[in-house]
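1. Return a 3D structure for these sequence lines:
(chains A and B)
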Amino acid sequence: MYLTSVLNRMPIDHLSTTFAALADPTRRAILARLASGELSVTELAEPFEISLPAISRHLKVLQRAGLVTQGREAQWRPCRLEARPLEGAADWIEDYRRFWTQSFDRLDAYLNKLKSKEKADAGKRRKSDCGSWSSRA
Amino acid sequence: MPESDARATAGPGQAEHRLTITRIFDAPRELVFKVWTDPTHIAQWWGPSGFKTTIQEMDVRPGGHWRYTMRGPDGHDYPFDGHYVEIVRPERLVVDGTIHGVPSQGVWTEVTFAELEGKTKVTVLQVYSFESAATRGAPIGWNQQLDRLTAYLIKV
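-> Numbers count the residues shown, from 1 in each chain, chains lettered A, B, ... in the order given. Below you'll find the predicted structure:
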């Protein structure tokens, strides 16, 4: 359900962490690269013009936000994308889209009701000028 | 930073996201603007289906406060409040608000009402911002590009 589900499913602080982690072009680029598969830190750093330690710092932010995990099994410790926090952020926005879609549906129905009422009132009065919206607005 | 167009509530240190949504209503612009800015009218349609909105305060002038409560089908109340920033009758409405009365969760809303051959095209732009221990001091930069990235990443 609208809002309830969002707040239960995704505490606002987690959402902030996700948004903050995503609020950097390098980190977004890292995530986009990881979308095509696991990569070692060295491989991940290749296309970027920043130092390996700088990449590591970005990776730490992404890991804290739960967007990236690093494997322990292999020696090259592959970085992996975790999509769940992104889904939470997307759901949150989706709930707001639903808010507006449903409000717009109700507004549309309400406007139609007002228009037919206006028409009926105007008919009763047999005057077309006294019931216009603008004169009362 | 390319995202420097983020306004008002999206200040430094805040993570933000935005949503744009458009609808054409078969009604004159004056009427659409009126039902958007009049407490008796707005209570009739504001909120998703099943929600009942009550207006506690609605002072439609720049700086004027507004306060609504949306009651969900489960009986839970969701309070929202804020103030009007800009009112250009019957074209434009800019509102600053908070979600559930939490100051760190801001919603900046710009509504434009455009005439379209007797109909009215309404565009709502909302910028949501969050400030918390997690986002404080973080660079801002949440933009539309991210919508696509998010959609893409979830798909793969």
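2. I figured residue A:107 was touching residue B:25, is that so?
-> Yes - with contact defined as Cβ atoms under 8 Å, residue A:107 counts as touching residue B:25 (6.8 Å). Bear in mind the C-beta positions are built from the backbone N, C-alpha and C, glycine included.
3. So for these two, which residues contact both of them?
-> Residues within reach of residue A:107 and of residue B:25 at once, by Cβ atoms under 8 Å, 6 or more residues apart in numbering or on different chains, are residue B:32.
4. where's whatever residue of chain A ends up closest to chain B, which helix or strand?
-> For chain A and chain B, the shortest gap (Cβ to the nearest Cβ) falls at residue A:19, measuring 3.2 Å. In this structure, residue A:19 sits in helix A:12-22 according to DSSP states H and E.
5. Tell me the helix or strand right after the longest strand belonging to chain B.
-> Assignment by DSSP state E gives strand B:102-116 as the longest strand of chain B. Using DSSP H and E, the helix or strand that follows strand B:102-116 in sequence is strand B:119-130.
6. Mind giving me the packing neighbours of that following strand?
-> On a contact count with 3 or more Cβ pairs under 8 Å, 6 or more residues apart in numbering or on different chains; DSSP states H and E, strand B:119-130 meets helix A:12-22, helix A:84-125, strand B:15-25, helix B:29-37, strand B:102-116.
7. and the angle from the longest strand of chain B to strand B:119-130?
-> Relative orientation of strand B:102-116 versus strand B:119-130 (axes from the mean of the first three to the mean of the last three Cα atoms, to 10 degrees): 160 degrees.
8. Any idea how many residues pack against the closest residue to residue A:108 other than its chain neighbours?
-> Take residue A:108 and drop its neighbours on the chain: the residue closest to it by Cβ to Cβ, 6 or more residues apart in numbering or on different chains is residue B:25, 6.0 Å away. For residue B:25, the neighbour count with other Cβ atoms under 10 Å in any protein chain shown is 21.
9. ok, now residue B:49?
-> 12.
10. Quick check, it in contact with residue A:104.
-> No - using Cβ under 8 Å, residue B:49 is not in contact with residue A:104, being 11.1 Å away.
11. and residue B:57, how many neighbours does it have?
-> Residues within reach of residue B:57, counting by other Cβ under 10 Å, total 12.
12. Repeat that for residue B:84.
-> Counted with other Cβ under 10 Å, residue B:84 comes out at 20.
13. just checking, it touches residue B:64?
-> Yes - the pair residue B:84 and residue B:64 qualifies as a contact (Cβ under 8 Å) at a distance of 5.0 Å.
14. can you give me phi and psi for the residue nearest to residue A:105 when sequence neighbours are not counted?
-> The shortest distance from residue A:105 to any non-neighbouring residue, by Cβ to Cβ, 6+ apart, is to residue B:49 (7.2 Å). Dihedral pair for residue B:49: phi -60, psi 140, per degrees, to the nearest 10.
15. tell me the contacts of residue B:49?
-> Counted by Cβ under 8 Å, 6+ apart, residue B:49 has contacts A:102, A:105-106.
16. Fine by me, we can end here.
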